[in-house]
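I need the structure of the sequence given here:
(2 chains)
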Protein chains: 2
Amino acid sequence: MDTALVSEKVEQANRAVADADVDAWLTFCRETNEIHEPCLPYVLGFDVVWPTAVVIGPEDSTVILGRHDAPNAERLGVHEVRPYDESIREPLQATLSRMDAETVAVNFDRDDNVADGLTHGLYLRLRDLLPGRELVSAGDIVGRVRGIKSRSEHERITQAAETTLGLLTELASAWTPSMTEAEAVDWLHERMREAGYGSAWSWDYCPTVHAGGDADLGHTLPGDRTVPDGELLHVDFGVVRDGYAADIQRLWVRGEVDPGLRRAFDDVRAAIDAGHAALEPGAVGHEVDAAARSALTGRGRDAYDHAFGHQVGRTAHDGGVLLGPEWDRYGDAVRGAVRPGEVYTMELGLDTEWGYVGQEEMVRITDEGTEFVVEPQTALWQLSR
Amino acid sequence: MDTALVSEKVEQANRAVADADVDAWLTFCRETNEIHEPCLPYVLGFDVVWPTAVVIGPEDSTVILGRHDAPNAERLGVHEVRPYDESIREPLQATLSRMDAETVAVNFDRDDNVADGLTHGLYLRLRDLLPGRELVSAGDIVGRVRGIKSRSEHERITQAAETTLGLLTELASAWTPSMTEAEAVDWLHERMREAGYGSAWSWDYCPTVHAGGDADLGHTLPGDRTVPDGELLHVDFGVVRDGYAADIQRLWVRGEVDPGLRRAFDDVRAAIDAGHAALEPGAVGHEVDAAARSALTGRGRDAYDHAFGHQVGRTAHDGGVLLGPEWDRYGDAVRGAVRPGEVYTMELGLDTEWGYVGQEEMVRITDEGTEFVVEPQTALWQLSR
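Got it, this is the predicted structure:
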C-alpha cells in the first residue's frame, strides 16, 4: 500500500479544496477493479467493492466504505474511517453535514477523462443520496492534485523515463537487419516481463514500432516488416515503474541518410523546439500547440492531426491541460494554463518515404521554464550491424 | 483481436435491441486504457484513445472513431467503420439519423456497475451532441448481452474454473505445516505468472487465504499465520484465462475434525444447497438469497452480510441480476429474474473458532435448472503432510 504517496496527495488535496470555491471534494465509486476511478490511487490507494466515498475538506478527510473494505482503510491511516453495512446514505450525509459541505465537487468533466471517473449511474445515485447539496465538477481540483507532481512522483517519472530510454538503447544494440517490427515489440515485451514493468498504454500497442516507409501508422499492431536500407526504425514507448509512466519516441536510420530525410528530421526538431520555447508556466495549451504547428507548416510541411503535447504521470495520457489545437474533440482541455510541477511530453512527426519521422520528448515545468526529464534526441542515430 | 467473440456478441446485441423498446444501443467512451468501458470488450474488442461511439441497431452496427484508432476497427471487420479527424459530431448524428434512432440506450445504470461505463462528463457531452434524441438506460440490453453467455464464453468459463480448481488442488498438495498465508498466496501467484493467468479480482487480494481461527476476514492482505492443528485453510480464488474468470472457495482442515467444525461445514453446505434449490430460470434474485439466508438462520446461525450469489464472466463480479437481499446498497440488481445461459457463483460462510468456513460454487443456468461448472466440495478435505 502506497501510504506515503496517498498521504502526500491528500494533503495537496486539502489545500486545493481550501483554494477552490467548494466545501469538499467527494470521490464516489464502486467495484473499482472493473471500472477504474482515476482519482482513487491518489486519495485511497486500493480498490473497493461496495459503494465508497472519500470526502476531502480543507483540513481533514473521511472515507465511508463497506465493512469488508474497511481494514485496508484502517491500515492506510490517512482518513477517518466510517465503515457501513447496509447503506452508505446515513454516514455520507452525516459526514458532509459535520463539514458544513453545501457545495461538493465530484469527479465529472466533459473534456478531462482523468477527472471524469464518476459514472452517470453513480451520479444519479449521488443526486438521490444528497438532496439539497450542490454537485459541481471537480475538474480544477483534480487538475491541480494530479497535475502538480510531488517530489516522489517526479522521481518515479524520471525513473520510468530513464528505464524507457535504457531499453530503447538496448533494443538498438540488439537490432539486426532481419528483425521485424513484431520481433522488436516482442524483444521489449520480454524485457518488461522479466523486470515486471507495466506499459504506459495498452500492452499490445506499447511499444509501437514502425519499420521503414511502408509501415502502417496510427494505433496499429506491428507487422513482419524489416527496416530497408536508408530507412527508419521508429519506436514510441514508455514503461510504468512504481505506478508512474514515461512516453518517448526515438528514431534510428539504417545506412546512408538521404538529404530529404535529414531535412524532415530537422523540420520536426525545429517544430518541437518552437513548441518547447512557448512552454512555460502560464502558457495556454492551444498557444503552445500553435507555436509548434506554425513552425512546421512555415517550413512547408503538413500539420500533424493530433495535440502537440499531453501530461504524463500515472499514465501516458495523464489528463488536465492539453497542448492541442482548439478542435471540438479536445474541448476546454486546451484552454487551461500550464503550471509549475506538471510534466508534459511534446510530440509530432512526418510521414515520409523513409519512414515515420516522429519525435517525442518529456519535460517538467519549473518555476522559471522547463527542464528535460531525460536527454532529448537531437540527431538521427545509426543502426549498426 | 477476439474477432469471433465480438462478432458473436454483436449479433446477440442486434437481437437484444430488436427485442427492446429502443431504436439503437450506443456505447460512448474515450481513453479506455484509463477508464475501462465494461461493454467495449463485447462490442469492439480493443481500447480506443479518442471519443468513440459503437452504435448497434436491430440489424446492423457502425463504429465512429478517431482516424488513428480506425485500422483496428477495419481489421475487426464486424462494423461499418466511420473514422473522423476533428469531431465525432457529424458522423454520429448522421449514423443515428440513417437508423431513425430517436430513442437511444446508453450505458448508465444506478445499480449495475458493468452497465454503467458512461461517465457523467461523457453523458453531458452526449446530451449536447444529440439534441432531440432520448437517452435511456441500456441496463436491460447489457444484462442480456453480457449475462447470457455464448457457447465459447461457457467454454472459457469452464476452462477458468477447472484451472482454478487444479491450482487449488496443487496448493493443498504443496502445503506444509510451516506454510504461511502469504506463502500460500505467493505460491499461487507464481503459478499464475508462469502460466500467464490473470486474477479474477485485484491481484493483491486474489487468492484470499485464511489460516485458522485467528485470520482476519474481509478484503485483507495475507499475514504470516500458519494453520494450527485442528483448524482450517480457506482459499477464495479465481484465475482469468482467455478473458474469462472463475470464483471458487475451498476448505481444508489440518488434523482432527472437531464435531463443532463439522456442524458448521454442514450448516453452510445446507444453506448453499437451499439457495441452489431455489436457483432456476425465472427465479428473482432476492428470493434465491432469502432461501439460503433462512436455511442458515433456521439452523441457528448468524446470517452473512453480503449477497448469496453473483454472476461470473469476464470478471468475478459480472454485474446483472444479483442473488442478494433487498438492501439499499444493492438497489434494483436483486429484483431481476435469472435467465438460462447465465453463470452464477453461490457463496456464504461462518466465522468459527477453527477458521472461516466459507464455501463457494459456480453453476450455469440451463433451460431446466442449473448445472455445476466444476465438481462442488461436499465434504471437508484433509491437509496431509
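
switch to C-alpha atoms for all contacts and neighbour counts from now on
Noted.

Just to be sure, A:Ala291 is in a strand?
No: counting by DSSP: H, G, I helix; E, B strand; the rest coil, A:Ala291 is not part of a strand but helix.

can you pull the contacts of the nearest residue to A:His120 once chain neighbours are set aside?
Nearest residue to A:His120 in three dimensions, chain neighbours excluded: B:His120, at 4.2 Å (CA to CA, 6 or more residues apart in numbering or on different chains). Counting by CA atoms under 8 Å, 6 or more residues apart in numbering or on different chains, B:His120 touches A:108-110, A:116-121, A:123.

could I get those as CSV with secondary structure and pLDDT?
Listed next are these as CSV, based on DSSP: H, G, I helix; E, B strand; the rest coil; pLDDT from 0 to 100:
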residue, secondary structure, pLDDT
A:Phe108, coil, 98
A:Asp109, coil, 95
A:Arg110, coil, 93
A:Asp116, coil, 96
A:Gly117, coil, 96
A:Leu118, coil, 98
A:Thr119, strand, 97
A:His120, helix, 98
A:Gly121, helix, 97
A:Tyr123, helix, 98
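
what's A:Leu322 in contact with, if anything?
For A:Leu322, the contacting residues are A:285-286, A:307, A:309-311, A:333-336, by CA under 8 Å, 6+ apart.

Of those - the most surrounded one?
In terms of neighbours by other CA atoms under 10 Å in any protein chain shown, these top out with A:Gly309 at 29 neighbours.

so that residue touches A:Val338, yeah?
No: in this structure, A:Gly309 is not within contact of A:Val338 by CA atoms under 8 Å, at 11.4 Å.

on that earlier part again, which one among the contacts of A:Leu322 gets closest to chain B?
Nearest to chain B out of those is A:Ala307 (CA to the nearest CA; 11.0 Å).

In terms of helices and strands, where is A:Ala13?
helix A:3-19 (DSSP states H and E).

for A:Leu135, same thing?
strand A:134-137.

Would you mark the buried spots in that strand?
A:135-137 (16 or more other CA atoms under 10 Å in any protein chain shown).

quick one: the helix or strand following it to helix A:3-19, angle?
Remark: after strand A:134-137, the chain's next helix or strand is helix A:139-147, criterion DSSP H and E. With axes from the mean of the first three to the mean of the last three CA atoms, to 10 degrees applied, the angle from helix A:139-147 to helix A:3-19 works out at 150 degrees.

which outside residues touch helix A:139-147?
Outside helix A:139-147, the residues touching it (CA under 8 Å, 6+ apart) are A:9, A:12-13, A:16-17, A:20, A:39, A:42, A:107-109, A:112, A:114-116, A:311, A:313, A:318-321, A:341-343.

What is the subsequent helix or strand relative to that helix?
helix A:151-174.

so how far is that next one off the chain centroid?
The chain centre lies 16 Å from the centre of helix A:151-174; the measure is CA atoms, centre = their mean, to the nearest Å.

hmm, back to that, just the buried residues of strand A:134-137 that are near chain B?
Filtering the buried residues of strand A:134-137 for proximity to chain B by CA under 8 Å from any CA of the partner chain leaves nothing.

Name the residues that touch stretch A:376-383?
Contacts for stretch A:376-383 (CA under 8 Å, 6+ apart): A:172-173, A:175, A:250-255, A:262, A:265, A:269, A:359, A:361.

Return the closest of these with respect to A:Ile64.
Taking CA to CA as the measure, A:Ile64 lies nearest A:Glu361 of the contacts of stretch A:376-383, at 41.3 Å.

Which strands and helices lie in contact with the helix or strand hosting that closest one?
Element membership for A:Glu361, per DSSP H and E: strand A:355-365. The contact analysis (3 or more CA pairs under 8 Å, 6 or more residues apart in numbering or on different chains; DSSP states H and E) places strand A:355-365 against strand A:208-211, strand A:232-237, strand A:248-254, helix A:259-278, strand A:343-352, strand A:370-372.

now with 6 Å?
strand A:248-254, strand A:343-352, strand A:370-372 (3 or more CA pairs under 6 Å, 6 or more residues apart in numbering or on different chains; DSSP states H and E).

what would those look like in a markdown table with mean neighbour count?
Listed next are these as a markdown table, based on neighbours: other CA atoms under 10 Å in any protein chain shown:
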| stretch | mean neighbour count |
| --- | --- |
| strand A:248-254 | 23 |
| strand A:343-352 | 23 |
| strand A:370-372 | 17 |
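
quick one on the thing from earlier: so which of the contacts of A:Leu322 are also by chain B?
Subset of the contacts of A:Leu322 in contact with chain B: empty, counting by CA under 6 Å from any CA of the partner chain.

Which of those fall in helices?
In this view, those that belong to helices under DSSP state H are A:285-286.

wait, which of the contacts of A:Leu322 is closest to A:Thr163?
Nearest to A:Thr163, judged by CA to CA, of the contacts of A:Leu322 is A:Gln311 at 18.5 Å.

Could you list the low-pLDDT ranges of the stretch 251-385 of chain A?
A:385 (pLDDT under 70).

So which residues on it come close to chain B?
Near chain B, when you scan the stretch 251-385 of chain A using CA under 6 Å from any CA, you find A:327-329.

Equivalent analysis for the stretch 51-200 of chain A, please.
Counting by CA under 6 Å from any CA, the residues of the stretch 51-200 of chain A near chain B are A:68-69, A:86-87, A:108-110, A:116, A:118-122.

Figure out the helix or strand that A:Ser97 lives in.
Going by DSSP H and E, A:Ser97 is part of helix A:89-98.

Report all helices and strands that the helix or strand following that helix contacts.
Using DSSP H and E, the helix or strand that follows helix A:89-98 towards the C-terminus is strand A:103-106. Applying 3+ CA pairs under 6 Å, 6+ apart, we find strand A:103-106 packed against strand A:24-29, strand A:134-137.

Direction included, what does the last one pair against?
The reference is to strand A:134-137. Sheet pairing of strand A:134-137 (DSSP bridges) gives strand A:103-106 (parallel).

So what's the gap between stretch A:182-194 and the chain middle?
Per CA atoms, centre = their mean, the centroid offset for stretch A:182-194 relative to its chain is 22 Å.

Give the rounded mean pLDDT of that stretch.
Mean per-residue pLDDT for stretch A:182-194: 96.

just stretch A:163-175 next, same as before
The model assigns stretch A:163-175 a mean pLDDT of 97.

and if you look at stretch A:48-56?
Here stretch A:48-56 scores 94 as its mean pLDDT.

Would you mind measuring the gap between the ends of it?
By CA to CA, to the nearest Å, the extent of stretch A:48-56 from end to end equals 18 Å.

for stretch A:177-191, which positions count as buried?
A:179-185, A:187-189.

what's the answer for stretch A:171-178, then?
So, applying 16+ other CA under 10 Å, buried residues of stretch A:171-178: A:171-172, A:175.

Please state the backbone phi and psi of A:Val227?
Taking degrees, to the nearest 10, you get phi -90, psi 120 for the backbone angles of A:Val227.

from the buried residues of strand A:134-137, which single one is nearest chain B?
For those, the nearest to chain B is A:Ser137 (8.9 Å; CA to the nearest CA).

hang on, isn't that closest one packed against A:Phe108?
Yes: applying CA atoms under 6 Å, one finds A:Ser137 in contact with A:Phe108, separated by 5.4 Å.

Quick check, central residue of chain A?
With distances taken as CA atoms, centre = their mean, A:Asp318 lies nearest the centre of chain A, 2.3 Å away.
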